[in-house]
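In: any chance you can model this:
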Amino acid sequence: MTSLAKRKKLRLLTVGEGDLSLSLALMKAYYPSGLIECLVVTTILSSREELLATYPHSQKIVETLEQQYDETTVKIVFGVDAMQLHVAHNYRDLMIMTPNYDFDLVLFH
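Out: Down below sits the predicted model:
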């Protein structure tokens, strides 16, 4: 039996990321090898400004994710409450933008 990683590129969704360090670590570890097709970071409850105020070191992480990977590889969506996805406009907008995304793995962080 082949593993999922051998059959196709993985599509990952991270939920509830604090400072985006998990997403950056995943991209650094797996994207160069070709395993990750797309990493979507959603449900960051904070706005971009709140994130940077809470985690000042996250500015470099956000810049790295946005500059090293294009928007088809990494999407960062701010202001989404994972407990309220059914009413989260940002999350619904993301799903409208990416209707064919079936995720292989959802990481609740």
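
In: for residue 62, what are its contacts?
Out: 20, 48, 51, 52, 76 (Cβ atoms under 8 Å, 6 or more residues apart in numbering). (Glycine included, C-beta is placed from N, CA and C.)

In: state the helix or strand in which the fourth one lies.
Out: I take that to be residue 52. Residue 52 is part of helix 48-54, with elements assigned from DSSP states H and E.

In: quick one: that helix to chain centroid distance?
Out: Distance, stretch centre to chain centre, for helix 48-54: 17 Å (Cα atoms, centre = their mean, to the nearest Å).

In: what comes up buried for it?
Out: For helix 48-54, a neighbour-count test (16 or more other Cβ atoms under 10 Å) marks residue 51 as buried.

In: distance between the following helix or strand past that helix and the chain's centre?
Out: Sequence-wise, the next helix or strand downstream of helix 48-54 (DSSP H and E) is helix 58-68. Relative to its parent chain, helix 58-68 has a centroid offset of 12 Å by Cα atoms, centre = their mean.

In: residues of helix 58-68 that come out buried?
Out: Applying 16+ other Cβ under 10 Å to helix 58-68 flags 58, 61, 62, 64, 65 as buried.

In: can you redo the residues you listed as a markdown table with pLDDT?
Out: Output for the buried residues of helix 58-68, formatted as a markdown table (pLDDT from 0 to 100):
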| residue | pLDDT |
| --- | --- |
| 58 | 95 |
| 61 | 95 |
| 62 | 94 |
| 64 | 95 |
| 65 | 92 |
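
In: which one of those is nearest residue 31?
Out: Comparing those against residue 31 with Cβ to Cβ places residue 65 closest, at 10.7 Å.

In: do you have the helices of this structure handy? List them.
Out: Assigned helices in the chain, in chain order: 4-7, 21-30, 48-54, 58-68, 89-97 (criterion: DSSP state H).

In: weakest of those by average pLDDT?
Out: Among these, helix 4-7 carries the lowest mean pLDDT, at a mean of 50.

In: what bridges to residue 44?
Out: Using DSSP bridges, the beta-bridge partners of residue 44 come out as residue 78.
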